[in-house]
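*Asks:* From the sequence below, what's the structure:
(one chain, ligands or ions: 1)
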Amino acid sequence: MKMRNPPVNSLSLEFLTELLISLEKLENDKTFRGIIITSDCPGIFSAGLDLLEMYGRDPAHCAEYWKAVQELWLRVYLSNLVVIGAINGISPAGGCLLSLSCDYRVLANNPKYAIGLNETLLGIIAPFWFKDVLVNTIGHRAAERALQLGFLFPPSDALQVGIVDQVVPEDQVQSTARSVMAQWLAIPDHARQLTKNLVRKPTADRLLQQRDADIQNFVRFISRDSIQKSLHVYLEKLKQKKG
Ligand SMILES: CCCCC/C=C\CCC/C=C/CC(=O)SCCNC(=O)CCNC(=O)[C@H](O)C(C)(C)COP(=O)(O)OP(=O)(O)OC[C@H]1O[C@@H](n2cnc3c(N)ncnc32)[C@H](O)[C@@H]1OP(=O)(O)O
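*Replies:* Predicted coordinates for the structure are as follows:
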């Protein structure tokens with residue numbers, strides 16, 4: 001699955017909906033047993049959640065958006081398919097969550113391709129289920145530092161801390177992802193799927209048990225004047241960077 005939402009594969013409501021529909025189709029087609037998620041935007045896996053879906057929007061829109069974010073996460077995280085991330089670009093925040101929700105992550109060895117949950121740098125916070133997935137992946141202490149400081153790990157650090165499973169030369173990302181897929185597909189589906197569910201269900205259940213409350217928390221938080229100001233400042237910084 002090649003993500004194509006130029007210029008930066010930001011996860012807008014429309015794009016999330018497209019991804020959800022595509023995933024659902026693949027899940028329902030029994031001839032598919034695995035997917036490789038990668039990007040069609042040069043140098044960018046995904047810029048994460050679309051800031052314009054959270055800035056200057058009314059509460060109803062924010063609620064609809066957050067529901068779609070939750071939905072995509074649950075679908076990828078709990079997918080019965082083998083999901084491999086072929087991460088061929090930078091992957092901050094929501095882009096990192098998408099990567100972390102794969103069963104295996106292969107990152108291209110380019111110092112620009114940083115990955116991490118950088119929410120605090122925007123003046124916002126990673127929701128508890130983003131945090132849970134990071135803690136599950138790199139452990140409590142490393143996650144505590146990474147989350148507070150908004151670390152974006154370059155490939156060598158990303159491998160060392162375990163946020164990705166493999167770092168390979170850029171031209172080998174897709175072929176490595178395909179070899180990894182072959183290994184994973186050698187396992188009988190039912191055994192692998194039940195095991196995946198056993199490991200991941202408690203984390204997903206934490207959100208499933210409080211989805212509506214999570215949406216309300218998000219809407220309350222994102223609608224605060226101080227948070228809207230932080231988003232404004234961050235968006236202006238992105239604009240000014242262009243010069
Ligand atoms: C108490 C209870 C709390 C409950 C929950 C509360 C909290 C809310 C949590 C919300 C979670 C959010 C997670 C996220 O994912 S936030 C998004 C984080 N993303 C980023 O920080 C990345 C920002 N982008 C960049 O750093 C760069 O754009 C880049 C990806 C490195 C690419 O750089 P470059 O190639 O130089 O491209 P430009 O910077 O020029 O960007 C082109 C274009 O795209 C716009 N853009 C970039 N990123 C986003 C984005 N994420 N959303 C929307 N738009 C984006 C950028 O502004 C440019 O637009 P213009 O061409 O119009 O100027």
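*Asks:* Just give me the neighbour total for the nearest residue to L207 once chain neighbours are set aside.
*Replies:* Excluding the flanking residues, the one nearest L207 by CB to CB, 6 or more residues apart in numbering is W129, at 4.6 Å. All C-beta atoms are positioned from the backbone trio N, CA, C, and that covers glycine. W129 has 21 neighbours, counted by other CB atoms under 10 Å.
*Asks:* which residue ranges form the helices in this protein?
*Replies:* 13-28, 59-77, 94-100, 128-138, 140-149, 155-161, 173-185, 189-208, 211-223, 225-241 (DSSP state H).
*Asks:* now what about the longest one, what contacts it?
*Replies:* Put plainly, it is helix 189-208. Residues outside helix 189-208 that contact it (CB atoms under 8 Å, 6 or more residues apart in numbering): 33, 70, 73-74, 77-78, 80, 82, 103, 128-129, 132-133, 136, 184, 214.
*Asks:* Quick check: the spatially most central residue of the chain vs N9, distance?
*Replies:* Using CA atoms, centre = their mean, the residue of the chain that lies closest to the mean C-alpha position is L98, 2.0 Å off. As judged by CB to CB, to the nearest Å, L98 and N9 stand 10 Å apart.
*Asks:* what do these two both touch?
*Replies:* Counting by CB under 8 Å, 6+ apart, the contacts common to L98 and N9 are F45, S46.
*Asks:* For stretch 232-242, C-alpha coordinates in PDB please.
*Replies:* Provided in PDB are the C-alpha atoms of stretch 232-242 (Å, rounded to 0.1, in the frame of the first residue of the first chain):
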ATOM      1  CA  HIS A 232      -0.800  28.500  15.000                       C
ATOM      2  CA  VAL A 233       2.900  29.200  16.000                       C
ATOM      3  CA  TYR A 234       3.900  25.800  14.700                       C
ATOM      4  CA  LEU A 235       2.100  26.200  11.400                       C
ATOM      5  CA  GLU A 236       3.700  29.600  11.000                       C
ATOM      6  CA  LYS A 237       7.100  28.100  11.600                       C
ATOM      7  CA  LEU A 238       6.500  25.500   8.900                       C
ATOM      8  CA  LYS A 239       5.600  28.400   6.500                       C
ATOM      9  CA  GLN A 240       8.600  30.500   7.500                       C
ATOM     10  CA  LYS A 241      11.000  27.600   7.000                       C
ATOM     11  CA  LYS A 242      10.300  27.900   3.300                       C
END
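*Asks:* Hmm, T176 is touching Y104, no?
*Replies:* No. Assessed by CB atoms under 8 Å, T176 is found out of contact with Y104, at 9.9 Å.
*Asks:* Which residues are in contact with each of the two?
*Replies:* Listed contacts common to T176 and Y104 are Q166; contacts here mean CB under 8 Å, 6+ apart.
*Asks:* picking that back up, pull up the per-residue confidence for the residue nearest to L207.
*Replies:* W129 carries a pLDDT value of 98.
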